[in-house]
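*Asks:* Got a predicted structure plus its sequence, pasted below:
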Amino acid sequence: MRVVERAPRARWVTWGVTAALAYIGAVAVAWPVPVRLLYDGLAPLPPYRWVHPPAERASDNQAPQLGTGTITFGPSGSRAAEVATGDDQALVTFPQSVIAPRSGAPSVKVVITPLDPATVAPAPNGQRFDGNAYRIEANYATSAEPVILSGPVTVVLRYPVHGTLVCRFTDPGWKTLPTNRFDGSQQVLANSDGLGIFVAATAR
């Protein structure tokens, strides 16, 4: 009897893992920009790191980490690259040739900085922030001028509770981007035609 009981369970676990991977793979293939998810949704997530933690997390919160990276240029333009924060709470994917070359600039420096979104601008009507905001900057190494993009980049944000949307700050407020959500790994993903400040949000 024990052998009979274990076999269906094994098949169920195998099916669940396969289905999860297939779902993630299908979205990655369908998404316009190749993207790596920060978490696969099959293992427990580490505690979220807040810039400004809620009261119940104030005692054990760890500060969120920066992300830095360098993008170089090849014969066909900027090379494809991914830059993530050290704690894997935010990632940006640059497809090949998305950054216009600049004379005398052999590379681009990318910096991802966590922020408290409430210090940037109020949440859009009917929405609330879910996690940190992240400022994503990319500057030509020699001049420190912002890069010029020729197409979209992909931003992946981990959310702590119920994130459903990615918003980008565009003065004077936040713009909601078409978003894909991954419940098991608590991540939201969106394409953006510009860099700047991004945050996960959800309806109130």
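*Replies:* Arrived safely, thanks for sending.

*Asks:* which residues of the chain fall in strands?
*Replies:* For the chain, strands defined by DSSP state E occupy the ranges 67-74, 77-78, 81-84, 90-94, 107-115, 127-140, 153-158, 165-170, 173-177, 179-182, 187-192, 196-203.

*Asks:* Out of those strands, which is closest to residue 46?
*Replies:* strand 153-158 (9.6 Å; C-beta to C-beta). (Glycine included, C-beta is placed from N, CA and C.)

*Asks:* how far is that closest one from where the chain is centred?
*Replies:* 3 Å (C-alpha atoms, centre = their mean, to the nearest Å).

*Asks:* How about stretch 89-103?
*Replies:* 14 Å.

*Asks:* ditto for stretch 87-97
*Replies:* For stretch 87-97, the distance to the chain centre is 7 Å (C-alpha atoms, centre = their mean).

*Asks:* gap between the two ends of it?
*Replies:* Taking C-alpha to C-alpha, to the nearest Å as the measure, stretch 87-97 stretches 27 Å from start to finish.

*Asks:* dump the residue contacts of residue 126.
*Replies:* 203, 204 (C-beta atoms under 8 Å, 6 or more residues apart in numbering).

*Asks:* mind checking which of the strands of the chain is nearest residue 58?
*Replies:* strand 127-140 (15.0 Å).

*Asks:* tell me how far stretch 181-190 is from the chain's mean position?
*Replies:* 9 Å.

*Asks:* Show me what counts as buried in that stretch.
*Replies:* 181, 182, 185, 186, 187, 188, 189, 190 (16 or more other C-beta atoms under 10 Å).

*Asks:* for those residues, which one is nearest residue 99?
*Replies:* Using C-beta to C-beta, the buried residues of stretch 181-190 come closest to residue 99 at residue 190, 19.0 Å.

*Asks:* wait, isn't that closest one in contact with residue 181?
*Replies:* No: counting by C-beta atoms under 8 Å, residue 190 does not reach residue 181; the two are 9.9 Å apart.

*Asks:* least confident pick among the buried residues of stretch 181-190?
*Replies:* Lowest pLDDT of the buried residues of stretch 181-190: residue 185, 89.

*Asks:* Find the nearest non-adjacent residue to the residue nearest the centre of the chain, please.
*Replies:* For the chain, the residue nearest the mean C-alpha position is residue 156 (1.7 Å; C-alpha atoms, centre = their mean). Closest residue in space to residue 156, ignoring its immediate chain neighbours: residue 91 at 4.4 Å, by C-beta to C-beta, 6 or more residues apart in numbering.
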